[in-house]
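Enquirer: need coordinates for the following:
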Amino acid sequence: GASRPPRAERETSRAVGTVVGCPIAGYLLTHCKQRRVLLGAVIGNTVGCFWFGLAGPEHSELGKWNLYGAKFLIGLTQSAILIYSPVWVDEFAPPEYTTQWISLLQAMVAIGIMLGYVIGGVFTETFGPTYWRVAILLQASILFCFIPLYMYVSGKNVNAVGGRDARITSFATAHKARLLADRQAVRAASALEASGLSVSDSSDGTGLDRLSSASGNAGSPKRPSQAAGEEADCSSAVRLIKSPVYVMLTFALCGLYFTVTGIQYWITDYLEQVIGAPKDKVLTAFAITSCTAPAMGVVFGGWLVDRMGGYKDESGEAVCTALKVCSWFGVGALAAAIPAALLQNFSWVVGSIWVVLFCGGALLPSATGVCMNAVDTSMRALASSYSMCAYNLLGYAAAPFVCGYIADEVGLVWGFRVVMFVSGFSVLCICGAWYAALREYERSLALSQSNESESLLTSQQQVAAAPPPPTDGRPAAAPATMNRGTESQGLLS
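Expert: Residues are numbered from 1 along each chain as shown. Got it, this is the predicted structure:
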């Protein structure tokens with residue numbers, strides 16, 4: 001049977017580093033300024049990438065452990081970026097474009113991974129098997145350019161806790177100053193009038209009061225340490241577990257990342273050893289597939305869900321609609337995964353994998369957004385850290401290791417089939433999240449109707465209990481409509 005490639009073991013060490021870093025990053029992102037945490041993460045990730053690209057020969061014992069250590073550091077430091085990215089998008093994106101922003105975020109991740117695959121493959125085929133390091137060093141150089149950006153960017157554009165409030169405060173202060181200037185100008189112009197109160201009407205006062213209230217509330221935000229002290233305990237984990245939408249979508253995305261990572265690490269060996277395709281043909285076909293399918297999928301899926309109303313509203317109906325769309329995309333991915341696992345034709349396998357990656361990318365933005373939106377705002381950084389732990393442990397780390405073990409024991413064919421069939425587990429979890437969201441929406445709708453009925457009944461009882469108007473022996477005045485009708489008849493006569 002096929003043996004597990006060293007790159008799969010290195011990927012496992014990176015995923016383990018991310019799992020270790022997720023609770024640390026979640027704590028730091030909750031207690032500290034997010035901009036400073038991200039700056040430290042980018043610096044550490046840059047160091048890890050340079051270390052990985054310049055480590056000694058991978059065939060020596062020291063070089064092998066250097067590569068494992070570098071990969072662990074990369075996973076450890078990138079955990080903060082992975083956790084905070086969806087939280088930042090969900091907090092700062094305009095409501096009507098939230099899904100598209102998450103789509104672009106996911107598209108950039110997929111494009112970056114596949115560009116690294118293509119660049120590494122091209123340099124390896126052109127110059128030799130050790131030139132895969134060029135792609136890593138290029139990544140490290142690009143990351144190094146982001147360090148000054150995180151050093152000098154304003155915290156109000158990065159920090160979810162306090163940053164948005166700072167922007168509201170700045171806007172409220174500037175707008176209030178403009179209103180006060182206009183008010184003084186109007187008062188000066190109308191000083192000669194006897195009334196002189198025209199500019200002090202209720203609309204100006206109300207607007208200023210609203211801005212003052214917004215400014216006051218924004219100027220004294222709840223400190224991150226206070227929010228963390230309330231939520232970062234065992235009860236927070238219990239509350240997350242009791243959210244069926246959050247739990248089901250987390251497991252669904254674990255299955256999705258398992259399948260995508262398994263394809264990334266095993267498709268080349270599968271197409272060469274099982275299908276018998278030449279290496280240059282395999283590299284070209286998978287480079288085109290991996291660069292086009294996920295990117296097109298996330299953009300199309302985000303656009304479609306936004307066109308249907310997004311995944312955010314007060315009633316919960318938008319969540320049900322978004323999860324319904326995700327379920328159908330999941331069914332499409334499963335329908336394409338079956339022939340990819342069973343057929344032995346190069347064109348059919350590559351085409352089926354393209355559909356799997358497209359449908360998986362299409363459901364990813366909405367599923368990620370709904371998963372984050374299923375919990376309270378104060379718990380989203382913590383929920384994101386738990387989710388990222390699960391993604392790396394059950395998805396990124398498990399895929400190369402588990403499938404490599406199966407390939408060693410019973411053959412590469414069954415290892416690749418396991419990768420494909422796990423997509424069925426993801427579909428079941430997404431459908432379960434859809435069902436849970438639908439039940440929650442029905443309960444909230446029934447509760448709302450019940451409250452409206454009680455309010456209407458109370459109003460009717462108050463009207464019925466009201467005392468009749470006093471009478472002094474005179475007949476009640478006719479309604480105005482009747483008086484107008486009598487006057488019209490008199491005019492006509």
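
Enquirer: what helices and strands are in contact with the longest helix along the chain?
Expert: Secondary structure assigned by DSSP state H gives helix 412-465 as the longest helix of the chain. Using 3 or more Cβ pairs under 8 Å, 6 or more residues apart in numbering; DSSP states H and E as the contact test, the elements touching helix 412-465 are helix 244-269, helix 317-342, helix 346-373, helix 398-410. From N, CA and C alone the C-beta is placed, and that goes for glycine too.

Enquirer: mean confidence score for the second one?
Expert: This means helix 317-342. The average pLDDT within helix 317-342 is 90.

Enquirer: now swap in the last one and tell me
Expert: For helix 398-410, the per-residue pLDDT values average out at 84.

Enquirer: what do you get for the longest one?
Expert: Averaged across helix 346-373, pLDDT comes to 88.

Enquirer: packing partners for that helix?
Expert: Contacts defined by 3+ Cβ pairs under 8 Å, 6+ apart place helix 346-373 against helix 61-92, helix 98-127, helix 244-269, helix 279-307, helix 317-342, helix 380-391, helix 412-465.

Enquirer: that helix vs helix 98-127, what angle?
Expert: Here helix 346-373 runs at an angle of 140 degrees relative to helix 98-127 (axes from the mean of the first three to the mean of the last three Cα atoms, to 10 degrees).

Enquirer: output the helices and strands packed on helix 346-373 in JSON lines; the columns should cover distance to residue 12.
Expert: Converted to JSON lines, the helices and strands packed on helix 346-373 look like this (distance: least, Cβ to Cβ, whole Å):
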{"stretch": "helix 61-92", "distance to residue 12": "9"}
{"stretch": "helix 98-127", "distance to residue 12": "16"}
{"stretch": "helix 244-269", "distance to residue 12": "10"}
{"stretch": "helix 279-307", "distance to residue 12": "21"}
{"stretch": "helix 317-342", "distance to residue 12": "23"}
{"stretch": "helix 380-391", "distance to residue 12": "14"}
{"stretch": "helix 412-465", "distance to residue 12": "15"}
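
Enquirer: nearest to residue 364, out of these?
Expert: Closest approach to residue 364 among those (Cβ to Cβ): helix 98-127, 5.0 Å.

Enquirer: the closest one packs against which elements?
Expert: helix 61-92, helix 133-152, helix 279-307, helix 346-373.

Enquirer: roughly how far out does it sit from the chain middle?
Expert: 19 Å (Cα atoms, centre = their mean, to the nearest Å).

Enquirer: and it, average pLDDT?
Expert: So the average pLDDT for helix 98-127 ends up being 75.

Enquirer: hang on, the earlier thing: make JSON lines from the helices and strands packed on helix 346-373 and add distance to residue 139 and mean neighbour count to it.
Expert: Converted to JSON lines, the helices and strands packed on helix 346-373 look like this (distance: least, Cβ to Cβ, whole Å; neighbours: other Cβ atoms under 10 Å):
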{"stretch": "helix 61-92", "distance to residue 139": "10", "mean neighbour count": "21"}
{"stretch": "helix 98-127", "distance to residue 139": "7", "mean neighbour count": "19"}
{"stretch": "helix 244-269", "distance to residue 139": "16", "mean neighbour count": "23"}
{"stretch": "helix 279-307", "distance to residue 139": "16", "mean neighbour count": "20"}
{"stretch": "helix 317-342", "distance to residue 139": "29", "mean neighbour count": "21"}
{"stretch": "helix 380-391", "distance to residue 139": "20", "mean neighbour count": "24"}
{"stretch": "helix 412-465", "distance to residue 139": "25", "mean neighbour count": "16"}
